[in-house]
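Chemist: coordinates for the following, if possible.
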Amino acid sequence: MGEEFAGALSVVLRDLRAQCSVQPEVREDEEYPGVILYAPDGSGQGVYGEPDGRPAAALLVAVADQVQDWAVEALWGQGEPAVWPHCPAHPGGHPLTATVVGGAAVWVCPASGRPVGHIGGLPPADVADVADLAPTPRTR
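Modeler: Numbers count the residues shown, from 1 in each chain. Down below sits the predicted model:
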């Protein structure tokens, strides 16, 4: 795994840990240049990004897009709303979109186009959000 890709993946996974109720098992594979993210149901999706001389922000956005695809599928597979990361301006409406604005990799609201935060800088979900996203405990 390349150093630039590893750094970008680390940044995106920080946001996933902060705001997604489903977390991946991240595995490297000798025959794949990136990593494979495994969901709790055992399904896996490859994530990879080659710098190719592009700016670091563009690589970060490419990795964020792939991790977002994984998260949406993993959430759906767990019977949860398939939205990550949540748009704070439109709760439950749509996920944020990863893009480059002014040379920085940011999450933006796709409806307004307004940046919400830097990729890697999403704040932890508050307790109410986590409770809404967490599976209901089983009772005996």
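
Chemist: C-alpha from now on. contacts and neighbour counts both.
Modeler: OK.

Chemist: distance check, S10 against E3.
Modeler: According to CA to CA, to the nearest Å, S10 and E3 sit 11 Å apart.

Chemist: which one's more surrounded, those two?
Modeler: More neighbours surround S10 than the other of S10 and E3, with 15 against 10 (other CA atoms under 10 Å).

Chemist: element containing E4?
Modeler: helix 3-19 (DSSP states H and E).

Chemist: return the set of buried residues in that helix.
Modeler: Of the residues in helix 3-19, those with enough neighbours to count as buried (16 or more other CA atoms under 10 Å) are F5, A8, L9, V11, V12, L13, R14, D15, L16, R17, A18, Q19.

Chemist: tell me the one of those nearest D65?
Modeler: Nearest to D65 out of these is V12 (CA to CA; 9.4 Å).

Chemist: now do the contacts for the closest one.
Modeler: The contact partners of V12, taken as CA atoms under 8 Å, 6 or more residues apart in numbering, are L60, V63, A64, V67, I119, G120.

Chemist: any of those residues buried? List them.
Modeler: For those, buried by 16+ other CA under 10 Å: L60, V63, A64, V67, I119, G120.
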